[in-house]
Each structure stands twice: as C-alpha cells, then as structure tokens.
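J.: below is the sequence, then the predicted model.
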Amino acid sequence: MIALRTPRQKTALYGTVPLTAQEAFSGIPKARIGGHNDCFLASDTDFGTWSKDIVAEKAFYHQENLFVPPRRRNLQFQGSGTAIRGLRKCAEGARVPALQFAQQPLSPEVLDGWTKGGCMPEIRRRLGYRFRLVDSSTQVAGRELRITLTVRNEGFGNLYNPRPVVLVLRERATGRIERVPIPTDPRRWMPAESTTVRASATLPPGEYDVFLHLPDAAPSLRDRPEFAVRFANAGVWESDTGMNRLTERAVIGK
C-alpha cells in the first residue's frame, strides 16, 4: 500500500465516496491508497492537510482508515476522533508545543510530555492493533473437537496485510501437531470491536494442547515466532512457537 499527503489527492482520483467493506483488501487501486498526515497536530489544519472542508475530509478518513494504513508522521494512530483529541490534550497539558509534537513525534521532550500528561500507558498499549482473547471454549463430540473463541481489538489500528489464522492442536504424548486453517480475515478484526471465531477438527484419541496461530503470510517468515501476532493476555503466549494458548487441554476419547 502507499499513502498520499492529503485527502484531496485521493478524492481527486477516486471521488469522495470512501472505501466500503466490500472494496477493502480487494487489490484495486482505491483499496491500496492511504493517507500521510505529515504535520499531525501542527495547527488546526495540520499545516494544510485539511482544507476548509475539514469535517467532510475527516469523516472520509474515518471510514478509509479502517482499511488502509493511516500515517501521521512516525506514529500511527487509528480510531476515533475522541482518542486523537485526548492525545492532543495530553500533549498540550504537558506544555509540549503542538508544532514540536508534529515534527518530532519521537523526541525525548514529546515522550516526556506524554509521560507527564499521563497518557503514555494508553499509547503504549493501543498503538496499532491490540488483540485480546476475551474467552474460548471447547466441546468434544466423539472424536470431533469444536472450538469457539472471541477476540477483541483494543488498539487504535488493525492489520492491513493478509495473515492466516490457524487452529493448532498439539498432542501431549507425542508432540504431533494438527493444523486447521480458519476461514476468517484478521484484517477485519476492527478497533473497539469483538469477533467470534469457530473451528472444528476430527482427531485421533489423546490429550491435546490447543493454540491459535497468526503467522506471517510470507513462506520465509511463517515459522519465525517473532513475526507472529501475540495476544495481549498474560500467560497465553508461547514464545518459542509464536502461538497463543487457548485452553490447557482437550481430551479425545477412544
């Protein structure tokens, strides 16, 4: 994907109707162009990012940014205007000049300002996507294992590149692994929303550890745990495999 400097550049090419959920991630040009706000918080118009039609332009980006990367200098914020206004207020409350905040967003003064303003913990938690496992449950019917899980995205952003979602069942006695692809698109696990996913597998008798794996889609990176998605929950991440544990065990009887 690429990003243009102002919303007017994109609307001049593709019109003022923002991306729909049906167009998103389709590969068409409109679905591959995001926005780059090079002067985030530098002035009321972010030094020309917004025109006199600022309300309409922000509404346009509010929808667009669900599906294309929003880029505001070196920091990526996705989410409601309320969240962004809160960050502005935090910076101003800490007496960090708005222009400095825009042009040098990672400077020590700005980071210290966020810390003094009290918003640094929220920024650390919510930059980009933040997937939290809300709950998971298993049911066994004969040799069929059924899994239901709910994930909530508590971040400002979401995923923009395709990524597989795989149910992984590892037999305790032998270490043998069964992988079941789940037909869900984690790019559509939107900020401030919860998504319920279901999967099932028919297994040989035994005791199984149950995981969810979101590896990188590239074959060269798929087996590298540092490129997998880690859930925000404590105690679910398996660092040597890059998988998230869903339940302690599932027992399939003979």
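T.: Sure, I can see it. Just so it is clear, the model here is predicted, and its values are computed rather than measured.

J.: output the below-cut-off pLDDT ranges for this structure.
T.: Filtered on pLDDT under 70, the chain yields the residue ranges 40-42, 71-110.

J.: for it, just list every one of the helices.
T.: Secondary structure of the chain (DSSP state H): helices at 7-14, 54-64, 81-93, 98-103, 108-117, 120-126.

J.: other SSEs contacting the fifth one?
T.: Pointing back at helix 108-117 there. Identification of packing neighbours for helix 108-117 by 3 or more C-beta pairs under 8 Å, 6 or more residues apart in numbering; DSSP states H and E yields helix 81-93, helix 98-103, helix 120-126. Just so you know, the C-beta spots here come from the backbone N, C-alpha and C atoms, and that holds for glycine as well.

J.: the last one - contacts with which helices or strands?
T.: So the one you mean is helix 120-126. Using 3+ C-beta pairs under 8 Å, 6+ apart: helix 120-126 touches helix 108-117.

J.: kindly recompute the last result at 7 Å.
T.: Contacting helix 120-126 under the criterion 3 or more C-beta pairs under 7 Å, 6 or more residues apart in numbering; DSSP states H and E is no other helix or strand.

J.: what's that helix in contact with?
T.: 114, 154, 155, 156 (C-beta atoms under 7 Å, 6 or more residues apart in numbering).

J.: separation between the first one and residue 43?
T.: Counting by C-beta to C-beta, to the nearest Å, the gap between residue 114 and residue 43 amounts to 20 Å.

J.: and if you look at the second one?
T.: Per C-beta to C-beta, residue 154 is found 31 Å from residue 43.

J.: between the two, which one's more packed in?
T.: Taking other C-beta atoms under 10 Å, residue 154 and residue 43 do not tie; residue 154 has more neighbours (16 against 13).

J.: can you tell me how far the more buried one sits from residue 209?
T.: Counting by C-beta to C-beta, the gap from residue 154 to residue 209 is 26 Å.

J.: again with residue 64
T.: 41 Å.

J.: for residue 46, same thing?
T.: 49 Å.

J.: that older thread, and the furthest pair within the contacts of helix 120-126?
T.: 114 and 154 (18.7 Å; C-beta to C-beta).

J.: okay, now residue 176: neighbour count?
T.: If we define neighbours as other C-beta under 10 Å, then residue 176 has 13 of them.

J.: pull the contacting residues for the nearest residue to it once chain neighbours are set aside.
T.: Excluding its sequence neighbours, the residue lying closest to residue 176 (C-beta to C-beta, 6 or more residues apart in numbering) is residue 170, at 7.3 Å. Residue 170 is in contact with 177, 208, 209, counting by C-beta under 7 Å, 6+ apart.

J.: show me just the buried residues among those.
T.: The neighbour count (16 or more other C-beta atoms under 10 Å) marks 208, 209 as buried among those.

J.: output the contacts of residue 170 as a markdown table; include the columns distance to residue 223.
T.: Listed next are those as a markdown table, based on distance: C-beta to C-beta, whole Å:
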| residue | distance to residue 223 |
| --- | --- |
| 177 | 12 |
| 208 | 21 |
| 209 | 18 |
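
J.: got the contact list for stretch 135-143?
T.: For stretch 135-143, contacts defined as C-beta under 7 Å, 6+ apart pick out 145-150, 202-203, 210, 246-247, 250-252.

J.: grab the CA positions of that stretch and hand them over as PDB.
T.: Written as PDB, here are the backbone C-alpha positions of stretch 135-143 (Å, rounded to 0.1, in the frame of the first residue of the first chain):
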ATOM      1  CA  ASP A 135     -12.800 -16.100  26.000                       C
ATOM      2  CA  SER A 136     -12.500 -19.500  24.500                       C
ATOM      3  CA  SER A 137     -14.400 -22.800  24.900                       C
ATOM      4  CA  THR A 138     -14.100 -26.400  23.700                       C
ATOM      5  CA  GLN A 139     -16.700 -29.100  23.100                       C
ATOM      6  CA  VAL A 140     -15.900 -32.700  22.300                       C
ATOM      7  CA  ALA A 141     -18.400 -34.900  20.400                       C
ATOM      8  CA  GLY A 142     -16.900 -38.300  19.800                       C
ATOM      9  CA  ARG A 143     -13.600 -37.500  18.000                       C
END
